[in-house]
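**Q** Could you work out the structure for the sequence below:
(2 chains)
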2 protein chains.
Amino acid sequence: MRYSSLFGKTTYGDAQDSKFASHSWLVKGGFIRESSAGRYFFLPLGWRVHEKIRAIIKQEMDSAGAQEMITPILHPLSLWQETNRDSSVGFELMTVEDRRGAEFALGGTAEEMMVDVVRGFTISYRDLPFNIYQFSTKFRDELRARGGLLRVREFVMKDAYSFNRGPQDFKLEYDNMARTYHRIFQRLGLNAVMVEADNGYIGGEYSHEFVVESELGESSYFVSEDGRYVAHEDVAKFKREPVNPDDDILPFQIIEQPEWVKTMEDNQKHYGLPYAHYLKNVVYRHAQTNEIIIATIRGDLEVNKTKLEQVLNAVGLLVEATDEDLARIGTQRGWVHSWGHPARYIGDLSLTTVKNFIGGQKEATTDSINVNYGRDFECEMLADIALAQDGFLTEDGSQKLIEKRGIEVGNIFQLGYHYSSKMQGAVYIDEDGKEKPFYMGCYGIGLGRTLAAIVEQYHDDRGICWPESVAPFDVHLISLRGGEEKAVELYQKLREIGVDVLWDDRDTSPGVKFSDADIVGIPVRLVISKKTGDFIEYKRRTEKEAELLTWDEVFARLL
Amino acid sequence: MRYSSLFGKTTYGDAQDSKFASHSWLVKGGFIRESSAGRYFFLPLGWRVHEKIRAIIKQEMDSAGAQEMITPILHPLSLWQETNRDSSVGFELMTVEDRRGAEFALGGTAEEMMVDVVRGFTISYRDLPFNIYQFSTKFRDELRARGGLLRVREFVMKDAYSFNRGPQDFKLEYDNMARTYHRIFQRLGLNAVMVEADNGYIGGEYSHEFVVESELGESSYFVSEDGRYVAHEDVAKFKREPVNPDDDILPFQIIEQPEWVKTMEDNQKHYGLPYAHYLKNVVYRHAQTNEIIIATIRGDLEVNKTKLEQVLNAVGLLVEATDEDLARIGTQRGWVHSWGHPARYIGDLSLTTVKNFIGGQKEATTDSINVNYGRDFECEMLADIALAQDGFLTEDGSQKLIEKRGIEVGNIFQLGYHYSSKMQGAVYIDEDGKEKPFYMGCYGIGLGRTLAAIVEQYHDDRGICWPESVAPFDVHLISLRGGEEKAVELYQKLREIGVDVLWDDRDTSPGVKFSDADIVGIPVRLVISKKTGDFIEYKRRTEKEAELLTWDEVFARLL
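**A** The predicted structure is shown next:
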């Protein structure tokens, strides 16, 4: 391809400066352009990369035995109603009505659609298991799009759905997909780690994220020192060590407390003890039932809302309580009691690690001290609802947890009977002639975000450095004054031997051409000019030095 | 692929019986399944065919110099407002609002989007011409979906857009695309004819449809006897021969007419003259201005609404007049006058081919006779607004027109300045340093409909007979009792030499396997059983007789 004819050349200017390298370089390099916020054009260069990623994913999915198909983008809303996902707060579903009044969801994920098409067939146990997948545009009505391709409202996702007889054959497929994902990300040049994760609005009991480490990523996870335990902050387990095991249990008391003592910091100042000694209460409202939930936790810990939602079986349904909510249970911000309000109290496991808590019944000038869980108050249940922190110990206490951030590029979910139990007719005929529900899993990869993650990992201060497997072209050929005729010949020959060449044939300065080549980031740069004579200047994007090679040497390196 | 593991096997039953062979066989064969009306799942078999079609189109578009990219599916509605296409009656646009209140159109075609992304760059004449295209899902809010994949509400379209400096270089690209389309359809096994067509809601001045002849097709077109003139009914020109050139012009008269004379048929009965001698009026209303338009035409001809809309520059905006509309201009159904109502009168060219028309001023018991255009009445203009008919002569009178029907599988449009004049900033910097609007064209192929057209052309009474270029697999291998072990070996060997095999390894009767193979329609069927011994039964789907071949002979035929 001649660069002169390419639509989507490099652009300069500040407009595309972003703290995300992938965002800046993809825009500057002419790979992508924003349409509306969070919705991107992929220009020809960007689309070549996108499609190389697609091809690698497809190859690996096919060799893993999965079958590609496609669902419509408009899903009958009735299907989402069957599984109650139309009303989940956690999912940014867009809906549309056609002119006959039929309602549709713009596909976000396709569990319901896949179950719907499968239940239309009579499936025997002999037909199982199978894994069907698609590459299709997905929609998320995100409040905030950010970071170029990292968080968008529209993107191509590879989503696969396995239909199994039960947990045993499902687990084989789950592991098969995990191995397949490792191979895919490896071929894409990505160092992706498999992280235990929360199932969220997708449902099911366990899942894993594939995360590419990056300080700017939105996924926060913890790794044990030996690397054996890797878990997302929404599920990461940790040991809550006793804070003051040797203290004696003292009698409960209500004491005077200066009016200025309001925050954790004030407590510390006043009582001189670290945060762990105070009781903390965080209040939520259930978006559907309006029930008030009070999460009670040790003062040095934070509540993880996702963990709390899992405990309450209210995924995506908890919202922060408003002042009105607090008034409704007879209290106000900062004065919430750890017992006694008309609310559901859920305690963190940490409540049993402290003797003689301070707090729990704060009023204007009084509070309680020497509060002990079990003796002075009890919650509806104690559960793991706290956020892990860097340096905490693993659950067995053997290792420290290290906090990391990364970009979530894929995930695999056990769904079990989550969908087949809610959608009528999602059954197969088993060997004994009886109808049994499918046992399912699903497996997603976001292509645009994966592309961005590649750039986050492969760039320097002059532009992108594409790994060969996904580079838009193999070779960036630059012809300079006096090299035009030879360039025609070289361009021709390279194409004949199957090398994809982007030829910068423009009548512009060497400086611009070199700078553009660095931004675009094709792995090999060839320069041909009067100066290079019968030779060709060969330089890899990631190396500093260029070499003068003969034509045959160049061909040999490229084959 | 083992048929036992394939999702989407053959189904039997009446549900999928349709007058469209493609609809019936694609459903029965497990290629497609309807989701909601007019929206289809492509099952793994169907998707393989779809993707083979895509690959052929992509190859040919790329070698023609076009560049693949992608636009978001959600188009900012503001762009459609810039070109007034949001309010066109002719286009079944779906719109959706996100939770921040931003409005979008679900992409139907992408002219506005492509112009929008291009105008975001500074384009010099040196960057021109270029042709950018995408494969993306398109939405049409059709009132009636029908015929399986033939008329749907959601489908993948290859849509290309060329940006040119002016009419000269544009014409080269238009011809380039026409040649490319011929190559594409040829490779797909389709006998597609290029038909002059109307530009409709797309805009621009001329266009061509690519049509596959089929009695069930929705496209009606005319071909001259020598095949040189091929035009869609919406643009087909024809000669209006004088009906009674030798008659004398008689004096205008209003005469008594029995009350029962109402229709053309009644006229013929009463006056004894053929339809051509009566005046006919067809009334429309302009959907935006509410203006009434009366199309006046020779009694034996029909008004072609599309031609009339073109004449009035009101594409997609004319609707049939209601009784209220007729009352508003002081008349009623069957009594419309050919002059005198407060309406715009547009006459067909045929009005000058008849002397002494009967009709034009019908009342309860009277009508006018000896009505002559020019002397007794005049329209705002005379134009070609009539539908051609089988047997009519070409415009130069040299040939008869033959009426045909077909399936429109693609089209190419000259757009000229239609979009660049309406969308601000759609300009390039020319050699003289001045900003000039792009001269454009666009080029579409509907993939699903093309797939259906292939089946319409390639099937018999037992199922589909795929052309090799798009067949889901190369070989349908059937193993029967006693052939299981050899089948494993053959399946392995065929895959090793790069042959795509669908292996029916089910434990089911030979009759079912043979019948399924016929429905699925893979070009070559191989049978291996105890009976075939060291040989393999080889049969082409389109041939009656099977042959017993050695393994080497089979390999030789397949390579």
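
**Q** How many residues are close by A:K362?
**A** Number of residues near A:K362 (other CB atoms under 10 Å in any protein chain shown) recorded here: 23. Any C-beta I mention is one placed from the backbone N, CA and C, and that applies to glycine too.

**Q** The one 3 residues further on too?
**A** Using other CB under 10 Å, A:T365 is surrounded by 11 other residues.

**Q** Helix, strand or coil: sort out the nearest residue to it once chain neighbours are set aside for me.
**A** The shortest distance from A:T365 to any residue that is not its chain neighbour, by CB to CB, 6 or more residues apart in numbering or on different chains, is 5.6 Å, and that residue is A:E259. Here A:E259 is recorded as coil under DSSP: H, G, I helix; E, B strand; the rest coil.

**Q** now do A:F210
**A** For A:F210, the secondary-structure state derived from three-state DSSP is strand.

**Q** Strands along the stretch 351-500 of chain A, start to end?
**A** Using DSSP state E, counting those that start in this stretch, the strands found in the stretch 351-500 of chain A span residues A:366-369, A:381-383, A:401-416, A:427-429, A:435-437, A:439-446, A:459-460, A:463-464, A:475-479.

**Q** cool, the stretch 201-350 of chain A as well?
**A** If you assign secondary structure with DSSP E, counting those that start in this stretch, the strands in the stretch 201-350 of chain A sit at A:207-213, A:219-224, A:230-232, A:253-256, A:279-286, A:292-298, A:318-320, A:344-348.

**Q** Which residues does the third one contact?
**A** Identification of contacts with strand A:230-232 by CB atoms under 8 Å, 6 or more residues apart in numbering or on different chains yields A:193-198, A:209, A:219-224, A:237, A:388.

**Q** Flag the least confident of these.
**A** For the contacts of strand A:230-232, the least confidently modelled position is A:D198, at 88, judged by pLDDT.

**Q** Apart from its chain neighbours, what residue comes closest to A:H459?
**A** In space, A:H459 comes closest to A:A21 once its chain neighbours are excluded; the distance is 5.0 Å by CB to CB, 6+ apart.

**Q** Okay, and the residue in the stretch 451-559 of chain A that chain B sits nearest to sits in which element?
**A** Across the stretch 451-559 of chain A, the shortest distance to chain B (CB to the nearest CB) belongs to A:R506, at 7.5 Å. Using DSSP states H and E, A:R506 falls within no helix or strand.

**Q** Ok, A:T95 next?
**A** Using DSSP H and E, A:T95 falls in strand A:94-97.

**Q** tell me which residues in that strand are buried?
**A** Buried residues in strand A:94-97, defined by neighbour count with 16 or more other CB atoms under 10 Å in any protein chain shown: A:M94, A:T95, A:V96.

**Q** Now do it: distance to the chain's middle.
**A** The chain centroid and the centroid of strand A:94-97 are separated by 25 Å under CA atoms, centre = their mean, to the nearest Å.

**Q** following it, which helix or strand comes up?
**A** Following strand A:94-97 toward the C-terminus (DSSP H and E): strand A:103-106.

**Q** quick one: the closest residue to A:S224 other than its chain neighbours from chain B, how far?
**A** The shortest distance from A:S224 to any non-neighbouring residue, by CB to CB, 6+ apart, is to A:Q399 (4.1 Å). For A:Q399, the distance to chain B under the criterion CB to the nearest CB, to the nearest Å works out to 42 Å.

**Q** Ok, A:Y419 next?
**A** Looking at A:Y419 against chain B, where the rule is CB to the nearest CB, the gap reads 16 Å.

**Q** Same check on A:L93?
**A** Taking CB to the nearest CB as the measure, A:L93 falls 10 Å from chain B.

**Q** returning to what we had before: please export the C-alpha coordinates of the strand holding A:T95 as CSV.
**A** Coordinates of the C-alpha atoms in strand A:94-97 are reproduced here as CSV (Å, rounded to 0.1, in the frame of the first residue of the first chain):
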residue,chain,number,x,y,z
MET,A,94,-29.5,0.3,25.8
THR,A,95,-33.0,-0.4,24.4
VAL,A,96,-34.8,0.5,21.2
GLU,A,97,-38.3,0.1,19.9
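
**Q** what packs against that strand?
**A** strand A:103-106, strand B:94-97 (3 or more CB pairs under 8 Å, 6 or more residues apart in numbering or on different chains; DSSP states H and E).

**Q** returning to what we had before: pick the one among the contacts of strand A:230-232 closest to A:Y12.
**A** The nearest member of the contacts of strand A:230-232 to A:Y12, counting by CB to CB, is A:S219 at 32.5 Å.

**Q** Can you lay out the strands of the stretch 201-350 of chain A as a markdown table showing distance to B:Q253 and mean neighbour count?
**A** Supplementary listing: these in a markdown table, determined by distance: least, CB to CB, whole Å; neighbours: other CB atoms under 10 Å in any protein chain shown:
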| stretch | distance to B:Q253 | mean neighbour count |
| --- | --- | --- |
| strand A:207-213 | 89 | 25 |
| strand A:219-224 | 90 | 22 |
| strand A:230-232 | 93 | 22 |
| strand A:253-256 | 114 | 10 |
| strand A:279-286 | 86 | 22 |
| strand A:292-298 | 91 | 24 |
| strand A:318-320 | 84 | 15 |
| strand A:344-348 | 94 | 22 |
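
**Q** Dihedrals phi and psi, A:I56?
**A** In terms of degrees, to the nearest 10, the main-chain angles of A:I56 are phi -70, psi -40.

**Q** ok, now how distant is the spatially closest residue to A:A145 that is not a sequence neighbour from A:D141?
**A** What sits nearest to A:A145 in space, not counting adjacent residues and going by CB to CB, 6+ apart, is A:G38, at 2.7 Å. Counting by CB to CB, to the nearest Å, the separation of A:G38 from A:D141 is 10 Å.

**Q** quick one, domains of chain A?
**A** Listed by automatic domain parsing, the domain ranges of chain A are A:8-236+A:403-455, A:253-383, A:473-558.

**Q** Please identify the deepest-packed of those.
**A** The highest mean neighbour count among the domains of chain A belongs to domain A:8-236+A:403-455 (a mean of 20), with neighbours defined as mean count of other CB atoms under 10 Å in any protein chain shown.

**Q** picking up where we left off before, which residues are contacting the strand holding A:T95?
**A** When contacts are taken as CB under 8 Å, 6+ apart, the neighbours of strand A:94-97 outside the stretch itself are A:74, A:77, A:86, A:103-106, A:108, A:139, A:141, B:94-96, B:98, B:106.

**Q** Hmm, A:V211 and A:G406 touching each other?
**A** Yes: with contact defined as CB atoms under 8 Å, A:G406 reaches A:V211; the gap is 3.7 Å.

**Q** Could I get the contacting residues of the closest residue to chain B within the stretch 351-500 of chain A?
**A** Relative to chain B, the nearest point of the stretch 351-500 of chain A is A:G448 (10.3 Å; CB to the nearest CB). With contacts defined as CB under 8 Å, 6+ apart, A:G448 is in contact with A:Y40, A:F42, A:H50, A:L149, A:V152, A:F155, A:V156.

**Q** Could you work out the most separated pair of these?
**A** The most widely separated members of those are A:H50 and A:V152, with 12.9 Å between them, by CB to CB.

**Q** A:I445: what's it in contact with?
**A** Shown here is A:I445, whose contacts under the criterion CB under 8 Å, 6+ apart are A:I57, A:M157, A:K158, A:Y181, A:I184, A:F210, A:V409, A:G410.

**Q** Could you tell me how far the last one is located from A:Y181?
**A** Put plainly, it is A:G410. Distance of A:G410 to A:Y181, given as CB to CB: 6 Å.

**Q** Check the third one too.
**A** As judged by CB to CB, A:K158 and A:Y181 stand 10 Å apart.

**Q** Then the second one?
**A** Shown here: A:M157 relative to A:Y181, a distance of 14 Å by CB to CB.

**Q** Please apply the same query to the first one.
**A** Per CB to CB, A:I57 is found 9 Å from A:Y181.
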